[in-house]
Structure formats: C-alpha cells, structure tokens
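# Have a look at this prediction, sequence included:
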Amino acid sequence: KQEVTQIPAALSVPEGENLVLNCSFTDSAIYNLQWFRQDPGKGLTSLLLIQSSQREQTSGRLNASLDKSSGRSTLYIAASQPGDSATYLCAVTYSGNTPLVFGKGTRLSVIA
Amino acid sequence: SAVISQKPSRDICQRGTSLTIQCQVDSQVTMMFWYRQQPGQSLTLIATANQGSEATYESGFVIDKFPISRPNLTFSTLTVSNMSPEDSSIYLCSVDGGWGNTIYFGEGSWLTVV
C-alpha cells in the first residue's frame, strides 16, 4: 500500500528560526512530489513541485529536497515568520494525471 | 496555473438532505479529482472524474452517496446525498494543471451537517 508519512505532526518555533519538515513515502517509484500549505478551513496552496528526476526546488525562503531512492523529502523554511503558521502537506503521485497520495501534514506554529 | 472556483464555500445542512458542490476551472482539463478532508485529518480521494465517462470511485465511496457529473472540460459537480453528521468535512476539487503536473486545488467547500 502506498503511504506517505510526515514527521513531526506538530511543531512550534520562535520567529526567525530555520526549520525542517520531513516526509517519507513507502513506494519510491514516484512520478513527482508536491508540498502544499493549508490554512485553517481553507483549500490547499501549492508551494513546490519536485519531479522524480530532480533533487531539489527552491522558492523564496522555501527549499524542498527529494531523495527518491530512500523515499524521503524535506521542506526547509528559512527565517520563519508568524505568517508561515499553517499545516504543511506532502503528497506524491505515481504517474501523470493520477491523484495524489497525501500525508497527514505537519501543523506549524511560528511564535512572534 | 489553474484557477478553480468552488461553490458553496461553506454551508450548514440538515441531516437527510443532499447538497451539490460545484467546481469551475478557468481552463480545459482532462481529469478532475474530488477529495474529502474530515476534521483534523488529511485528504482522502473520493473519485476521479473524466469528461464523458463515469467517475471512478475509491474504496469506501459509492456513486449513490457521492454522485458526480462532468459535463464538460471545465466543470464538475459532487453531490453529497442523504447527509449525516459524519459527512461534515471540507470537500475539495482539484485538477492536474498539465504544466509540470502541478496539482491545483479549489478553496474547498466546508459542510457542517446538523
């Protein structure tokens, strides 16, 4: 069964800290991996997409890495801000035009 | 990128009634996906909707409970039938953008069944 696990489930950090969110997947034959942000009661916002042939993607203060062989991805957030507080979801897909398999998310709180 | 509009954004529904959620995309897409997110949980796929064919449902979801329409390449509806409090969830529509296969989501429809 294809499963995605995210650790930790929740994280609280002071403003300005750098932090890492972890994602692991049981079946390494992924097509791509995507990180999303979800604010309470809202939909999902795509943050970064990593194709299976790529090792990392960067957008502003966010950097996502992918180690496909070991079934792991990390999302690095630099210089965290209170506005970064949200749930971060990792999801994988196993071919084009197929649905995502989601982790349960990491709930991040950045304290001012 | 794809812009997805969902309606309603939020509703409070009576037990035993049905509600139809609409999903409109600003471009033509082959496949649309419907997800459910129960309180405090991650997303679970309900079904995949292709234009011109029957939707494909995941294990645990059936057409009688969650009928789906896909009349064209930019629109889909999901109906939640004979609702019970256990159906209280956020229902999300998503599409494959086709541009590097980024998946885009609507804002979601937050249903509370009382």
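That came through fine.
# What is the three-state secondary structure of A:C90?
For A:C90, the assignment made with DSSP: H, G, I helix; E, B strand; the rest coil gives strand.
# Go through stretch B:67-82 and flag the buried ones.
For stretch B:67-82, burial by neighbour count (16 or more other CB atoms under 10 Å in any protein chain shown) applies to B:P67, B:I68, B:R70, B:L73, B:T74, B:S76, B:T77, B:L78, B:V80, B:S81. Where C-beta positions appear, they are placed from N, C-alpha and C, glycine not excepted.
# Show the contacting residues for the residue most central in space within chain B.
Centroid-nearest residue in chain B, with CA atoms, centre = their mean: B:W34, separated by 3.5 Å. With contacts defined as CB atoms under 8 Å, 6 or more residues apart in numbering or on different chains, B:W34 is in contact with B:23, B:45-49, B:66, B:68, B:76, B:78, B:91-94.
# among those residues, which are in reach of chain A?
B:L45, B:T48, B:L92, B:S94 (CB under 8 Å from any CB of the partner chain).
# Looking at the residues you listed, which are in strands?
Among the ones next to chain A among the contacts of B:W34, the subset assigned to strands under DSSP state E consists of B:L45, B:T48, B:L92, B:S94.
# Looking at the residues you listed, which is nearest chain A?
Using CB to the nearest CB, B:L45 comes nearest to chain A of those, at 4.9 Å.
# Tell me how many other residues crowd B:R15.
11 (other CB atoms under 10 Å in any protein chain shown).
# again, but for A:L75
Neighbours around A:L75, by other CB under 10 Å: 22.
# can you tell me which residues contact it?
So A:L75 contacts A:V20, A:L21, A:C23, A:W35, A:L47, A:L48, A:L62, A:N63, A:A64, A:Y88, A:C90 (CB under 8 Å, 6+ apart).
# Who does the residue nearest to A:I7 when sequence neighbours are not counted form a beta bridge with?
Excluding the flanking residues, the one nearest A:I7 by CB to CB, 6 or more residues apart in numbering or on different chains is A:N22, at 4.7 Å. Beta bridges link A:N22 to A:I7, A:T74, judged by DSSP bridges.
# List the residues that contact A:N22.
A:N22 touches A:Q6, A:I7, A:P8, A:R72, A:S73, A:T74, A:T106, counting by CB under 8 Å, 6+ apart.
# redo that, cut-off 10 Å
Neighbour list for A:N22: A:T5, A:Q6, A:I7, A:P8, A:R72, A:S73, A:T74, A:L75, A:C90, A:G103, A:T106 [criterion: CB atoms under 10 Å, 6 or more residues apart in numbering or on different chains].
# Which of the buried residues of stretch B:67-82 fall within strands?
Those of the buried residues of stretch B:67-82 lying in strands (DSSP E): B:I68, B:R70, B:S76, B:T77, B:L78, B:V80.
# And the contacts of the one helix or strand in chain B whose mean pLDDT sits lowest?
Lowest by mean pLDDT, DSSP states H and E among the helices and strands of chain B is strand B:103-105, with a mean of 87. Contact with strand B:103-105 is made by A:32, A:34, A:36, A:38, A:42-46, A:49, A:91, A:93, A:98-100, B:1-4, B:6, B:25, B:29, B:33, B:35, B:43, B:92-97, as judged by CB under 10 Å, 6+ apart.
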